[in-house]
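[1] here you go, sequence then predicted model.
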Amino acid sequence: MHALLGENGAGKTTLMRIAFGMIHPDAGTIEIDGAPRTFRTASDAIAAGLGMVHQHFTLVPAMTVAENVALGGRGRFSPDEARARVNETSARTGLQIDPDARVSDLPIGAQQRVEILKALARGARILILDEPTAVLTPAESRELLDRLRAFAKDGGTAILITHKLRDALDVADDITVLRHGRNVWSGPADQTSESALVHAMVGASAVDASTRSDRANVLGGPVLTLDDVTVRDARGQVALDRASVVVHAGEIVGVAAVEGNGQHELLRVLAGRLAPSAGRAEIPANVGFVPEDRRRDALIGEITLLENVALRGAGVRRGRVDWRHMRRETEDVIAQYDVRGGGTATLARALSGGNQQKLVIGRELEGASPALVVENPSRGLDFNATAAVHERLRAARENGTAVVVYSSDLDELLALADRLIVVHAGRVREVARDRETIGRAMLGADLPNG
Amino acid sequence: MGETLALLSDVLVRATPLALTGLAVAIAFRGGVWNIGADGQFLAGATLAAWIGVALGGTHLSLPLALLGGAGAGAVWAGIAGVLRSRFGVLEVISTIMLNFVAAFGVSYLVRGPLQEPTHVYPQTPSIGDAAQLPVLVPGTRVHAGILIALVLGVIAWWAMRHTAAGFRLRVTGANPFAARSAGLVNVERVTMRAFLLSGAFAGLAGAVEVCGVTYALYENLSPGYGYTAIAVALLAQLDPLWTLAAALLFGVLEVTAAALQREASIPSTTAAVVEAAVILAVIAVAGWRTRRVEQHA
Amino acid sequence: MTAGLDAFLQGTIRTATPLALAALGETMAERAGVINIGLEGSIIAGALAATIAAQHAGVGAGIVTAMLAGLAVALLFALFVVKLRADQIITGTAISMLALGATGTIYRIVYGEMGTALTVPTMPTIRIPGLASIPVIGAALFAQPVVTYAAYALVPLIAWWMYRTHAGLALRAVGESPEAAAASGIRPGLVRTLAIAADGLLGGLAGATLVLAQAGTFVEGMSAGRGFIAIAIVALGRWRPIGVAIAALVFGAASALQYAFQATGTRAPYQLFLALPYLLTLVALATARGRSIAPAALARNEEGE
């Protein structure tokens, strides 16, 4: 078991995509068992015994498990044969999945099992997994890592791409650290420590973002109030089920959930972007919102930074647009949030991902809103940028803003939040700030105090 | 000299409907609405304008009524496609093209039936009254006040898109409706519907202007494909209203030249259509190349 | 009465044939995620190519040349949409405009200004003995030119290929999720190009049908929006070959209604019947409720290759 560590943007995914034949290297070689290989497409890599489990699953949602596993074959296609192949691989590896289930109907954990099954069905002996525990609860993560260890013990090789130090140290035999696209450290796991790895990943100037200010905060009045709110999704299914939440001025409320349990809808109702199907939501008109998919939902690539900042509030503005005022505001955001790569007239798509993020966060934070809802704030940001964002969120809280943060990284939530709520199957409840409790609540387990 | 003046007059007369339909297409595309139906909306506007011009042709109100009515008819025709998209998810590329055909058949029926001129010999309406005709700007030519209308509306459209909140909303909705809704709290459905209606109004006005300024009657094939040429005009102008006016002039020159070449050198005038289509392809090829270049450097 | 019914059934099959051919091709393209608005261009190009080739070298040459012409137009579309990643909708519209203008130009150059009464050899009607004698439907279904029989054969063939071969599975995967397909070693760009090519071939064949099996001559713009109607037929048929064939029959029947009405002697304006297919397209698209059933990656242009 080999762990490939590095910050966001260090090059881990790129390196593995080269290994898997999806990207072509400009220089260097790949060797398997001592023999040099070149892969023109993913098929070559698959033929050489590689299997990749991607971070964002590469499954066709509308097709069944059997069809997904059969993808990439040749000649005639028989649904019966495909079904049999899935069952045979299931029996061999212990990964149970219904071959006729439609992937879009499966929960996230099951979808990941299908990804792994797909690789193993093709006889992969080298498994590459990209951030596999990102979407799993603590219990599911443990189960996955145990299974991988068994796979390794059986003669297979598992390469774990992750930014989670703890997972790497717990499970890997060897560790390699990438920073800015270079291999900065490589060696057995028992010859290093957490702090040494952090140093390697980030360099000398690591800012410790994990401490929480214990200073008691003066809570203000309620700013965001949800009372028995139900939300139905596009298919008419209940996504949020009679949820009641109150967020006060001057506090950070953390939201923990397994993807697909309703947190998506909860966040958008709190941000005023989604109307409840039933129940009452008291939300001020001007809530700042940083969605997870910044590129699609928060920025427009082909317009300038100035226009992107002007996007905030475009729905309610009337009459003429005061561009001079907007320009000053944009310049402020660029300066204060360290947005690099251009000025007010630069097109947003010319900025790197990290800088685009900073612009969005800056725009929303500077919007003078009484409340702020943030979804996975550190996604795509490196260590230092993440620390800076966390500082901003804390500063907003000091200023009396009501802040809601959703993160699939429990460490981030525990570092930021004053209170924690968990969403499971559309139901919302508050839980104690304890990892185990949170993890179990995310899975819907009954807690001592109901 | 007389011949040059005649050619220039032809260019301006030809450029007027191209300018107005070009603006219609530019506004629609900017809002993310693929309005390929400017031809049908043009015919709708021309039809209502002709009817008003004939029925009320004696009164002074007939001209403004015809123009406004034409714009309204165009808006309604486009609105059908708008409703089909918002309620039923129908791609407007197809629905607007279908509506083009339906409008053409509708005109054919009307000019051979209920609206036909009294002698029932020619498939066209009677001439509109004198009061419904647009004044001629340059005596001795066919250059009419419609070109001023196009100019003024073009400038207004340019200013509104750049400086009003509504114009900004249109632009961002067309560029990325997800971000517009999520980041800007824009009511995307309402903006889109308004884009349909406004675009249809411009195209309908183009039809009304053509009837009131040039033909003074409605007949079949009133539009030799203005709605499709308008796409080339708008894309060449990068969807900017002022450049659209310039591009319309350029295409006016192109089409008048093509007609002249057909008369003098027997080169089919359909080559103009080929050139126009090639222009569209060239514009999108360059745009795509530029996008990829920027993304590579990001 | 039977004369009216007979004419109606014959008319249905006649009208449906080119629509079905074009729609089957478009089904393949759309299943790969590409909406080919340039199909109209393939049809009109095929029609003109069939005319010119048949006049000089007979019906067989006409068919082959037509398919090649349709293919050429489609490959131009593919160049822009797959290679240059241009917007599918505008490109398709431009390609159709280009083909309509070019065919008009070429026609006028080759055959003179207002086109003399040009006639080309047409396909003979082939009666299938036995089947053609079935009462009521026999004559309509089994006394048709060879293209109609080709259409009959293509429907089950394409259906089989799409659902029982890995190539068909790959096509469907590319239309749903190109990233997933790429991760399994499939090349989405290649698949899309081939699907567009098939679309062009069948569109060209549809154009040949219009000339060589129906009109017997060429008229500018004779495709009359059939490429766009085919797109509606694909949606109505839920992107499945058999459904598409049935939808094409429905459209054929709607167009053939004019014969039924003529038999009963109503005095509705003929323009209404001409407009009927286009109105039907609008209704078909509105009721297709296809958004959730359409291939998920339809008309997207992101990375995948």
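    Now that the structure is in, tell me what you want to look at. Numbers count the residues shown, from 1 in each chain, chains lettered A, B, ... in the order given.
[2] who in chain C is up against chain A?
    Within chain C, the positions near chain A by C-beta under 8 Å from any C-beta of the partner chain are C:163-166, C:168-170, C:172-173, C:176-177, C:179-187, C:296. Where you see a C-beta, it was placed from the backbone N, CA and C, and this is true even at glycine.
[3] what pLDDT is listed against residue 144?
    Went with chain A since none was named. Looking at A:L144, its pLDDT is 85.
[4] actually it's chain C I care about, not the one you picked
    89.
[5] who's in contact with it?
    By C-beta atoms under 8 Å, 6 or more residues apart in numbering or on different chains, C:Q144 lies in contact with C:I13, C:R14, C:T17, C:T125, C:I126.
[6] apart from its neighbours in sequence, what residue is nearest B:V136?
    B:H144 (5.4 Å; C-beta to C-beta, 6 or more residues apart in numbering or on different chains).
[7] neighbours of the one you found, just the number please.
    23 (other C-beta atoms under 10 Å in any protein chain shown).
[8] for it, give me its contacts.
    B:V13, B:T16, B:L134, B:P135, B:V136, B:L137, B:V209, B:G213, B:V214.
[9] wait, a strand at A:S244?
    Yes - with DSSP: H, G, I helix; E, B strand; the rest coil as the criterion, A:S244 is part of a strand.
[10] mind giving me the PyMOL command for buried ones among the contacts of C:Q144?
    Command for PyMOL that selects the buried part of the contacts of C:Q144, burial taken from 16 or more other C-beta atoms under 10 Å in any protein chain shown:
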select buried, chain C and resi 13+14+17
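[11] any stretches of the stretch 351-450 of chain A with poor pLDDT?
    A:446-450 (pLDDT under 70).
[12] what does it have sitting close to chain B?
    A:L351, A:S352, A:V360.
[13] what do you get if the cut-off is 10 Å, keeping everything else the same?
    Contacts of the stretch 351-450 of chain A with chain B, taken as C-beta under 10 Å from any C-beta of the partner chain, map to A:L351, A:S352, A:G353, A:N355, A:Q356, A:V360, A:R363, A:E364.
[14] and the buried ones among those, selectable in ChimeraX?
    To isolate the buried members of these in ChimeraX, using 16+ other C-beta under 10 Å:
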select /A:351,355,356,360,363,364
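[15] state the helix or strand in which the closest residue in space to A:L351 that isn't next to it in sequence lies.
    In space, and not counting its chain neighbours, A:L351 is closest to A:G341: 4.4 Å by C-beta to C-beta, 6+ apart. Under DSSP states H and E, no helix or strand contains A:G341.
[16] could you measure from A:G341 over to chain C?
    Note on A:G341: its distance to chain C, by C-beta to the nearest C-beta, to the nearest Å, is 21 Å.
[17] from C:T93, how far out is C:N36?
    Between C:N36 and C:T93 the distance is 11 Å, computed by C-beta to C-beta, to the nearest Å.
[18] same check on A:G181?
    43 Å.
[19] C:N36 and C:T93 - which one has more neighbours?
    Ranked by neighbour count (other C-beta under 10 Å), C:N36 and C:T93 place C:N36 first, with 33 against 23.
[20] OK, contacts around the residue of chain C positioned farthest from its centre?
    Here the centre of chain C is the reference, and by C-alpha atoms, centre = their mean the most remote residue is C:A183, at 32.8 Å. By C-beta atoms under 10 Å, 6 or more residues apart in numbering or on different chains, C:A183 lies in contact with A:17, A:20, A:22, A:42, A:46, A:52-54, A:57-59, A:71-72, A:115, A:118, C:177, C:304.
[21] on that earlier part again, got a pLDDT number for the residue nearest to B:V136?
    Value for B:H144, per-residue pLDDT: 93.
[22] same check, this time on the one 3 residues further on
    B:I147 carries a pLDDT score of 95 in this model.
[23] the stretch 1-150 of chain C: helices as residue ranges?
    C:2-31, C:39-78, C:88-111, C:138-142, C:146-164 (DSSP state H, counting those that start in this stretch).
[24] out of the ones you listed, deepest packed?
    helix C:39-78 (a mean of 26; mean count of other C-beta atoms under 10 Å in any protein chain shown).
[25] now the angle between helix C:88-111 and that helix, please.
    110 degrees (axes from the mean of the first three to the mean of the last three C-alpha atoms, to 10 degrees).
[26] give me the angle between helix C:39-78 and helix C:2-31.
    Going by the same axes, to 10 degrees, helix C:39-78 makes 20 degrees with helix C:2-31.
[27] if any of the contacts of B:H144 are buried, put those into a ChimeraX selection.
    The ChimeraX selection below is limited to those of these classed as buried (16+ other C-beta under 10 Å):
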select /B:13,16,134,137,209,213,214
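[28] can I get the contacts of B:H144 in CSV including pLDDT and secondary structure?
    Shown next, in CSV, are the contacts of B:H144 (pLDDT from 0 to 100; DSSP: H, G, I helix; E, B strand; the rest coil):
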residue, pLDDT, secondary structure
B:V13, 95, helix
B:T16, 97, helix
B:L134, 92, coil
B:P135, 91, coil
B:V136, 91, strand
B:L137, 90, coil
B:V209, 97, helix
B:G213, 94, helix
B:V214, 94, helix
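[29] ok, back up a step: now intersect the residues of the stretch 351-450 of chain A next to chain B with the helices, please.
    Counted as lying in helices by DSSP state H, out of these, are A:G353, A:N355, A:Q356, A:V360, A:R363, A:E364.
[30] nearest to B:L250, of these?
    A:Q356 (37.7 Å; C-beta to C-beta).
[31] still on that earlier bit, can you redo the ones in helices among the residues of the stretch 351-450 of chain A next to chain B as a markdown table with distance to A:G11?
    Below are these laid out as a markdown table (distance: C-beta to C-beta, whole Å):
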| residue | distance to A:G11 |
| --- | --- |
| A:G353 | 13 |
| A:N355 | 18 |
| A:Q356 | 19 |
| A:V360 | 24 |
| A:R363 | 29 |
| A:E364 | 29 |
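[32] and those near chain C, which?
    Counting by C-beta under 10 Å from any C-beta, no member of those is near chain C.
[33] quick one: which of those is nearest to A:I159?
    A:G353 (23.8 Å).
[34] distance of the closest one relative to chain C?
    For A:G353 relative to chain C (C-beta to the nearest C-beta), the value is 14 Å.
[35] which residue packs closest to that residue, ignoring adjacent ones?
    A:G380 (5.2 Å).
[36] specify the local secondary structure of the residue of the stretch 201-305 of chain C found nearest chain A.
    The minimum distance from the stretch 201-305 of chain C to chain A, using C-beta to the nearest C-beta, falls at C:A296 (6.2 Å). The three-state assignment at C:A296 reads coil, by three-state DSSP.
[37] which residues touch it?
    A:V60, A:P61, A:A62, A:S104, C:G33, C:G175, C:E176, C:S177, C:P178 are the contacts of C:A296 under C-beta under 10 Å, 6+ apart.
[38] ramachandran angles for the nearest residue to the fourth one once chain neighbours are set aside?
    Okay, so that is A:S104. Leaving aside its sequence neighbours, A:S104 sits nearest to A:P61 (C-beta to C-beta, 6+ apart; 3.8 Å). Phi and psi for A:P61, reported as degrees, to the nearest 10, are phi -60, psi -40.
[39] how far does the host helix or strand of B:G45 sit from the chain's center?
    Here B:G45 sits within helix B:38-55, counting by DSSP H and E. Offset of helix B:38-55 from its chain centre (C-alpha atoms, centre = their mean, to the nearest Å): 13 Å.
[40] got the angle between the helix or strand following it and helix B:38-55?
    Heading C-terminal from helix B:38-55, the first helix or strand you meet, by DSSP H and E, is helix B:62-88. Helix B:62-88 runs at 140 degrees relative to helix B:38-55, counting by the same axes, to 10 degrees.
[41] can you tell me if helix B:62-88 touches chain C.
    Yes - contact of helix B:62-88 with chain C (C-beta under 10 Å from any C-beta) involves B:I80, B:A81, B:V83, B:L84, B:R85, B:R87, B:F88.
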